[in-house]
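1. here is the input, now give the coordinates:
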Amino acid sequence: IMVQQKWAMSAIEKLYQHHYGKPFVARKLDAQVALYGFCGYRNKVRDKFNGAPLLFINGDKDEMVQAAPCDDFAGWMNERGGNAKSVTLKGHYHTFDARTAAVYDSRVSHMGYCNLLADERGITDVKTGTFTPGDYNAVLQEAVGKCYTARGVTTGNTNGDWKVAVPLWLEFFKQHLQ
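-> Got it, this is the predicted structure:
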C-alpha cells in the first residue's frame, strides 16, 4: 500500500510539474470528507495524522467498506494527532450517492471484511485474531489474502435517496472551511 501511495504521489508531482512548469508544493488540508472510506488497516508503527478535520461517511449495509471499523479508526486517528469523526447512514449500501437503485452483484470480490492491525512483529486480523508474523510490508498481501474472501456486494441508493450524505458533508465543510 505504501509503495502505491509513493508511486501515486510521484506521478502527481510529475504531472503538475509538466502542466504548470513549477514544482508541486502540497499545502495542509483544511478539511476532508471520505465517502466509503476504507478503515480496515491500521499500523501502530507508521500511523500519524496531521490534524486536518476528516469526516468518514459510510452506510451500515455496505459490505465493501464497512462502517463499524471507521468508528474505531476515527478514535485511532484522534489518539495519533488526527481530528476524525465517523457517521453511519442507516439502511444504506455502498455507492449510496449513485443515482441508480441498489442491486446485488455476486461477482464482486472485496476487502470489506478486513480489519487488520500492523505492528513491528506482523499483522493481526482483529476480527479473527489470526496473526501473520513478519515485516508488515512483506506480509501485508498474505494478511489481506486471508480476509479477502468475501464475494458479492450491493451497490446503489436506497429508496431513491441518492443525496442522503449531501447535508452531512455540506455542514461539515461549512464548519471547517473559511
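
2. show me the contacts for residue 178.
-> Residue 178 sits next to residue 30 when contact means C-beta atoms under 8 Å, 6 or more residues apart in numbering. Heads up, the C-betas are built off the backbone N, CA and C, glycines and all.

3. what pLDDT is listed against it?
-> On pLDDT, residue 178 comes in at 70.

4. pLDDT weak spots in the protein?
-> Applying pLDDT under 70 to the chain picks out residues 1-8.

5. quick one: the helices in it, in order.
-> Ranges of helices within the chain are 2-20, 68-79, 136-147, 166-176, based on DSSP state H.

6. for residue 23, give its distance to residue 30.
-> From residue 23 across to residue 30, the span is 22 Å (C-beta to C-beta, to the nearest Å).

7. tell me which of the two has more neighbours.
-> Comparing residue 23 with residue 30 by other C-beta atoms under 10 Å, the one with more neighbours is residue 30, at 11 against 8.

8. can you pull the phi/psi pair for that one?
-> Listed backbone geometry of residue 30 is phi -80, psi -40, with angles given as degrees, to the nearest 10.

9. make sure it is actually in contact with residue 176.
-> Yes. Residue 30 sits in contact with residue 176 when judged by C-beta atoms under 8 Å, with a separation of 6.2 Å.

10. need the residues touching each of those two.
-> Jointly contacting residue 30 and residue 176 under the rule C-beta under 8 Å, 6+ apart are residue 53.

11. which residue of the protein lies farthest from its centroid?
-> Among residues of the chain, the one most distant from the C-alpha centroid is residue 21; the distance is 32.4 Å, by C-alpha atoms, centre = their mean.

12. how far away is it from residue 10?
-> Using C-beta to C-beta, we find residue 21 at a distance of 18 Å from residue 10.

13. OK, contacts around residue 153?
-> 63-64, 93-94, 104-105, 108, 110, 112.

14. that one bridge partners, please.
-> As for beta bridges, residue 153 partners with residue 105 under DSSP bridges.

15. most packed of the helices of the chain?
-> Counting by mean count of other C-beta atoms under 10 Å, helix 68-79 has the highest mean neighbour count of the helices of the chain, with a mean of 19.
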